[in-house]
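> predicted structure and sequence below. I'll ask about it afterward.
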Amino acid sequence: MAWDSTWEDVFTSQEWGKYPGEDVIRFIARNFYHVAERKDIKILEVGSGTGANLWFIAREGFSVFAIEGSPTAVNKAIQRLDLEVPEWVGEIRCGDFTKLPYSDCSFDAVIDVEAITHNPFDDAVNIYSEIHRVLKPRGKLYSRTFAKGTLGDETGKVLSHNCYLPEVGPIAGKGLTRFTDESEIPALLKLFSKIDFGDISRTENKQLITKEWCITATK
């Protein structure tokens, strides 16, 4: 689907997280900390928001690239990198990541932190295929996506398979959200090999608030 302008409103009106999740740090460390010439490693994030992950990756000396639909988020990310990591190398584009404007086999890794989850199932399959195309041979994917059971799942207007405009929970007011069942992961990443995943859950007062799949895969 085309980029949802709801996110421009979100990034204009709300403060957003400034630091990466521990699982993103572990993914980068496990796969790339051993590389001597870190600037030779090119890492792309789709739907990068205000750049929390880019900030961390750039600080670690890797080359960062991103495509994000919100002009406000792009500007915030660039301003933070210019201020706090002035030697950063790479490019942050404003655009739609359903069609990646990069050549085949361009990146060592691609990161998605709950961006693809805001696309219908068939579109998500195509986005993962695009990611597969731009990854180098044996390139790595990290994808974090909302799982079935997250608060807000099966609430609000039904848009398509497992897609809703949630009325409650942490994703309410943030547009189309697709909640992934475990059985759907192989179909979403059908072009990849070595697919591994686990879940991260958060509860409050014994109520499940979020459940997310943390997926890694190899081209």
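Arrived safely, thanks for sending.
> I'd guessed residue 174 sits against residue 9; true?
No. Look at residue 174 against residue 9 with Cβ atoms under 8 Å: they stay out of range, at 9.5 Å. Quick note: C-beta positions are derived from backbone N, CA and C, even for glycine.
> list phi and psi for the nearest residue to residue 89 once chain neighbours are set aside.
Using Cβ to Cβ, 6 or more residues apart in numbering and skipping the chain neighbours, the partner closest in space to residue 89 is residue 63 (4.6 Å). Phi and psi for residue 63, reported as degrees, to the nearest 10, are phi -80, psi 130.
> please name the nearest non-neighbouring residue to residue 130.
Nearest to residue 130 is residue 100, by Cβ to Cβ, 6+ apart, at 4.8 Å.
> still on that earlier bit, residues contacting the residue nearest to residue 89?
Taking Cβ atoms under 8 Å, 6 or more residues apart in numbering as the contact definition, residue 63 lies against 39, 40, 41, 42, 43, 89, 90.
> list buried residues within the residues you listed.
41, 42, 43, 90 (16 or more other Cβ atoms under 10 Å).
> mind giving me the packing neighbours of the helix or strand residue 74 falls within?
Per DSSP states H and E: residue 74 is located in helix 71-84. Counting by 3 or more Cβ pairs under 8 Å, 6 or more residues apart in numbering; DSSP states H and E, the packing neighbours recorded for helix 71-84 are helix 6-13, helix 52-59, strand 63-68, strand 90-94.
> mean pLDDT and distance to residue 184 for the ones you listed - can I get that in CSV?
Output for the helices and strands packed on helix 71-84, formatted as CSV (pLDDT from 0 to 100; distance: least, Cβ to Cβ, whole Å):
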stretch, mean pLDDT, distance to residue 184
helix 6-13, 82, 24
helix 52-59, 98, 24
strand 63-68, 97, 24
strand 90-94, 96, 29
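> tell me which of those sits most buried.
Counting by mean count of other Cβ atoms under 10 Å, strand 63-68 has the highest mean neighbour count of those, with a mean of 25.
> sounds good, over and out.
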